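Enquirer: Output the structure for:
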Amino acid sequence: SLRSFLREVTARVEPPQFQREVLPLARWLLRLSPTNQLDLEIAGGVLLHYGLCQSVVGLVVPHRDRLSDGLSRLYLKALFEENLIEDFAHTWQSHPQRSDLVNDLELALYWAAYQAGWGAPGEAATAFARLEESFADPQRRVLAHRLALKVHAQRDQSEQYLAILEQLRAWQRDSVKDHI
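Expert: I've put the predicted structure just below:
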């Protein structure tokens, strides 16, 4: 089915592979059932996977008062990726099951990045160390490096930023936004 195919793409395909073919399918799914939360999650997951975080925010905002757990997670990631840090912090703090968010390994990295770059100064070093632990994890290293870029940008640490950017470039996972 279309839903299964889109889930598989987000789980197994490295961007930008198949982007041209997959994005219209995600949009088609939204046209078929624009209010179905599960379909919003699937389509939002595709958009997030291909770096279209602004579209994820736009997709979720009309439903933000009644988000499923999956949509909440997508929304948090998209907010952080779009540098909407205050909205990210507010959404995180107001989530009814905050402890569940920290148990999500990817969201835990986003929270660590937030604490490292925008949190209390006493928490920054510990939070960044948690982020760095994921540098060696093959499944999360790209995300951890991308989040570290944001932290170094926030802290005005250009040398560290460039070192992380060089690693992403070596993996061919840097983006145009990273170079601006």
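
Enquirer: so which strand or helix has Pro24?
Expert: Assigned by DSSP states H and E, Pro24 belongs to helix 19-32.

Enquirer: How about residues contacting that helix?
Expert: The contact list for helix 19-32, computed with CB atoms under 8 Å, 6 or more residues apart in numbering, reads 2-3, 5-6, 9, 13, 39-40, 42-43, 46-47, 50, 52, 59. In this view, the C-beta of every residue, glycine as well, is placed from N, C-alpha and C.

Enquirer: Show me what the lowest-mean-pLDDT helix or strand in the chain packs onto, helices and strands only.
Expert: Within the chain, confidence by mean pLDDT, DSSP states H and E is lowest for helix 98-103 among all helices and strands, at a mean of 80. Here helix 98-103 touches helix 69-81, helix 105-118, going by 3 or more CB pairs under 8 Å, 6 or more residues apart in numbering; DSSP states H and E.

Enquirer: C-terminal to the shortest one, which secondary structure element comes first?
Expert: The reference is to helix 69-81. On the C-terminal side of helix 69-81, the closest following helix or strand by DSSP H and E is helix 85-94.

Enquirer: I'd like the average pLDDT over that following helix.
Expert: Averaged across helix 85-94, pLDDT comes to 94.

Enquirer: Nearest to Pro96, out of the helices and strands packed on helix 98-103?
Expert: Ranking those by proximity to Pro96 (CB to CB) places helix 69-81 first, at 9.1 Å.

Enquirer: picking up where we left off before, give the buried residues for the helix holding Pro24.
Expert: Buried residues in helix 19-32, counting neighbours by 16 or more other CB atoms under 10 Å, are found at 22-23, 25-26, 29-30.

Enquirer: Stretch 59-67 too?
Expert: Buried residues in stretch 59-67, counted by 16+ other CB under 10 Å: 59-60, 67.

Enquirer: how about a markdown table for those, with distance to Glu123, pLDDT and secondary structure added?
Expert: Listed next are the buried residues of stretch 59-67 as a markdown table, based on distance: CB to CB, whole Å; pLDDT from 0 to 100; DSSP: H, G, I helix; E, B strand; the rest coil:
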| residue | distance to Glu123 | pLDDT | secondary structure |
| --- | --- | --- | --- |
| Leu59 | 32 | 93 | helix |
| Val60 | 28 | 93 | helix |
| Leu67 | 27 | 85 | coil |
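
Enquirer: Gln5: how many residues sit nearby?
Expert: One correction, residue 5 is Phe, not Gln. Phe5: 12 surrounding residues under other CB atoms under 10 Å.

Enquirer: Leaving out chain neighbours, which residue sits closest to it?
Expert: Once flanking residues are discounted, Phe5 sits nearest to Leu25: 7.3 Å by CB to CB, 6 or more residues apart in numbering.
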